[in-house]
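*Asks:* got a sequence here, can you model it:
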Amino acid sequence: AKAGQAEWAALPCKTKARLLLNAADICRKRNDELAEYEAIDTGRPIAETNCVDIVCAVEALEFMASICATTANVGQHITMNGSQPGTSFGYTRREPLGVTAGIGAWNYPLQSAIWKSAPSLACGNSMVFKPADNTPLMALKLAEIF
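*Replies:* Okay, here's the model as predicted:
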(Lines give C-alpha, C1' and ligand atoms only; values in the text may rest on other atoms or scores of the structure.)
Protein backbone atom coordinates (compact mmCIF):
# COMPACT_ATOMS: atom_id res chain seq x y z
CA ALA A 1 0.00 0.00 0.00
CA LYS A 2 2.83 2.38 0.83
CA ALA A 3 4.64 1.73 -2.44
CA GLY A 4 1.60 2.62 -4.55
CA GLN A 5 0.33 5.55 -2.50
CA ALA A 6 2.58 8.26 -3.97
CA GLU A 7 1.70 7.24 -7.51
CA TRP A 8 -2.02 7.18 -6.65
CA ALA A 9 -1.86 10.58 -4.93
CA ALA A 10 -0.12 12.07 -7.97
CA LEU A 11 -2.94 11.06 -10.32
CA PRO A 12 -5.11 13.95 -11.48
CA CYS A 13 -8.43 14.22 -9.65
CA LYS A 14 -10.34 13.50 -12.85
CA THR A 15 -8.46 10.22 -13.22
CA LYS A 16 -9.19 9.16 -9.63
CA ALA A 17 -12.85 10.11 -10.13
CA ARG A 18 -13.00 8.13 -13.38
CA LEU A 19 -11.53 5.06 -11.66
CA LEU A 20 -14.02 5.30 -8.79
CA LEU A 21 -16.86 5.63 -11.31
CA ASN A 22 -15.50 2.62 -13.15
CA ALA A 23 -15.61 0.61 -9.91
CA ALA A 24 -19.21 1.78 -9.40
CA ASP A 25 -20.11 0.68 -12.92
CA ILE A 26 -18.55 -2.75 -12.37
CA CYS A 27 -20.50 -3.15 -9.11
CA ARG A 28 -23.71 -2.15 -10.87
CA LYS A 29 -23.12 -4.64 -13.70
CA ARG A 30 -22.24 -7.41 -11.24
CA ASN A 31 -25.11 -6.57 -8.86
CA ASP A 32 -26.67 -10.04 -8.86
CA GLU A 33 -23.36 -11.82 -8.32
CA LEU A 34 -22.25 -9.43 -5.56
CA ALA A 35 -25.65 -9.61 -3.88
CA GLU A 36 -25.36 -13.39 -3.80
CA TYR A 37 -21.92 -13.22 -2.16
CA GLU A 38 -23.21 -10.66 0.33
CA ALA A 39 -26.12 -12.97 1.22
CA ILE A 40 -23.75 -15.92 1.63
CA ASP A 41 -21.38 -13.85 3.75
CA THR A 42 -23.98 -12.35 6.07
CA GLY A 43 -26.91 -14.76 6.01
CA ARG A 44 -29.24 -11.93 5.04
CA PRO A 45 -31.96 -12.46 2.40
CA ILE A 46 -30.88 -12.11 -1.23
CA ALA A 47 -33.90 -9.83 -1.81
CA GLU A 48 -32.35 -7.35 0.63
CA THR A 49 -28.76 -7.59 -0.54
CA ASN A 50 -29.84 -7.35 -4.18
CA CYS A 51 -31.77 -4.09 -3.85
CA VAL A 52 -29.99 -2.38 -0.95
CA ASP A 53 -26.38 -3.35 -0.36
CA ILE A 54 -24.90 -3.09 -3.83
CA VAL A 55 -27.00 -0.04 -4.72
CA CYS A 56 -25.77 1.81 -1.61
CA ALA A 57 -22.18 0.87 -2.37
CA VAL A 58 -22.53 2.14 -5.95
CA GLU A 59 -24.03 5.41 -4.72
CA ALA A 60 -21.16 5.89 -2.26
CA LEU A 61 -18.58 5.34 -5.00
CA GLU A 62 -20.37 7.79 -7.29
CA PHE A 63 -20.63 10.39 -4.53
CA MET A 64 -16.96 10.15 -3.64
CA ALA A 65 -16.04 10.40 -7.32
CA SER A 66 -18.15 13.56 -7.60
CA ILE A 67 -16.34 15.30 -4.75
CA CYS A 68 -12.89 14.06 -5.69
CA ALA A 69 -11.93 17.40 -7.24
CA THR A 70 -12.98 19.32 -4.14
CA THR A 71 -10.44 17.47 -2.01
CA ALA A 72 -7.39 18.31 -4.11
CA ASN A 73 -4.91 20.28 -2.02
CA VAL A 74 -7.44 22.99 -1.29
CA GLY A 75 -7.06 24.78 2.02
CA GLN A 76 -9.45 27.14 3.67
CA HIS A 77 -8.83 29.99 6.10
CA ILE A 78 -11.72 30.28 8.55
CA THR A 79 -12.40 33.11 11.01
CA MET A 80 -13.65 31.56 14.22
CA ASN A 81 -17.14 32.54 15.37
CA GLY A 82 -17.20 34.84 18.38
CA SER A 83 -13.62 35.98 18.01
CA GLN A 84 -12.48 39.45 17.13
CA PRO A 85 -11.34 39.73 13.52
CA GLY A 86 -7.68 38.86 13.13
CA THR A 87 -7.30 37.26 16.57
CA SER A 88 -8.39 33.67 16.03
CA PHE A 89 -8.73 31.52 12.96
CA GLY A 90 -8.80 27.96 11.75
CA TYR A 91 -7.18 26.52 8.68
CA THR A 92 -7.97 23.32 6.82
CA ARG A 93 -5.53 21.47 4.62
CA ARG A 94 -6.72 18.86 2.20
CA GLU A 95 -3.91 16.62 1.12
CA PRO A 96 -3.31 12.87 1.17
CA LEU A 97 -2.32 11.45 4.54
CA GLY A 98 -0.62 8.38 3.08
CA VAL A 99 -1.78 4.87 3.88
CA THR A 100 -5.08 4.60 5.75
CA ALA A 101 -6.56 1.58 7.49
CA GLY A 102 -10.11 0.28 7.61
CA ILE A 103 -11.71 -2.50 9.62
CA GLY A 104 -14.85 -4.04 8.18
CA ALA A 105 -18.14 -4.91 9.82
CA TRP A 106 -19.75 -8.33 9.54
CA ASN A 107 -23.31 -7.14 8.95
CA TYR A 108 -22.71 -4.95 5.87
CA PRO A 109 -19.33 -6.06 4.52
CA LEU A 110 -19.46 -4.40 1.10
CA GLN A 111 -20.91 -1.13 2.31
CA SER A 112 -18.43 -1.04 5.18
CA ALA A 113 -15.53 -1.58 2.79
CA ILE A 114 -16.77 1.04 0.31
CA TRP A 115 -17.62 3.63 2.97
CA LYS A 116 -14.04 3.38 4.21
CA SER A 117 -12.11 2.92 0.96
CA ALA A 118 -13.88 5.34 -1.39
CA PRO A 119 -13.23 8.51 0.67
CA SER A 120 -9.66 7.43 1.30
CA LEU A 121 -8.99 6.79 -2.39
CA ALA A 122 -10.78 9.97 -3.48
CA CYS A 123 -8.45 11.97 -1.24
CA GLY A 124 -5.31 10.38 -2.69
CA ASN A 125 -4.61 7.85 0.04
CA SER A 126 -4.05 4.15 -0.32
CA MET A 127 -5.74 1.76 2.06
CA VAL A 128 -5.20 -1.45 3.94
CA PHE A 129 -8.56 -3.04 4.70
CA LYS A 130 -9.20 -5.86 7.15
CA PRO A 131 -12.61 -7.48 6.66
CA ALA A 132 -14.50 -9.07 9.52
CA ASP A 133 -13.22 -12.61 10.09
CA ASN A 134 -16.60 -14.19 9.36
CA THR A 135 -17.42 -12.18 6.20
CA PRO A 136 -14.32 -12.08 3.97
CA LEU A 137 -15.90 -12.75 0.55
CA MET A 138 -16.94 -9.20 -0.27
CA ALA A 139 -13.51 -7.76 0.51
CA LEU A 140 -11.99 -10.24 -1.95
CA LYS A 141 -14.56 -9.31 -4.59
CA LEU A 142 -13.96 -5.60 -4.00
CA ALA A 143 -10.21 -6.13 -4.40
CA GLU A 144 -10.96 -7.68 -7.82
CA ILE A 145 -13.10 -4.69 -8.77
CA PHE A 146 -10.58 -2.06 -7.69
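*Asks:* can you point me to the longest helix in the protein?
*Replies:* Longest helix of the chain, by residue count under DSSP state H: helix 13-29.
*Asks:* so which bits of the helix or strand following it are buried?
*Replies:* Note on helix 13-29: by DSSP states H and E, the next helix or strand toward the C-terminus is helix 31-42. Within helix 31-42, the residues that count as buried by 16 or more other CB atoms under 10 Å are 31, 34-35, 37-39, 41-42. Bear in mind the C-beta positions are built from the backbone N, C-alpha and C, glycine included.
*Asks:* shaky segments in the chain?
*Replies:* 69-89, 91-93 (pLDDT under 70).
*Asks:* and the residue nearest the centre of the chain, which helix or strand is it part of?
*Replies:* Geometric centre of the chain, nearest residue: residue 118, 1.4 Å, by CA atoms, centre = their mean. Per DSSP H and E, residue 118 falls inside helix 109-122.
*Asks:* contact partners of that helix?
*Replies:* Contact with helix 109-122 is made by 8, 16-17, 19-20, 34, 38, 41-42, 53-54, 56-57, 60-61, 63-65, 67-68, 71, 100, 102, 104-105, 126-127, 129, 131-132, 135-139, 141-142, 146, as judged by CB atoms under 8 Å, 6 or more residues apart in numbering.
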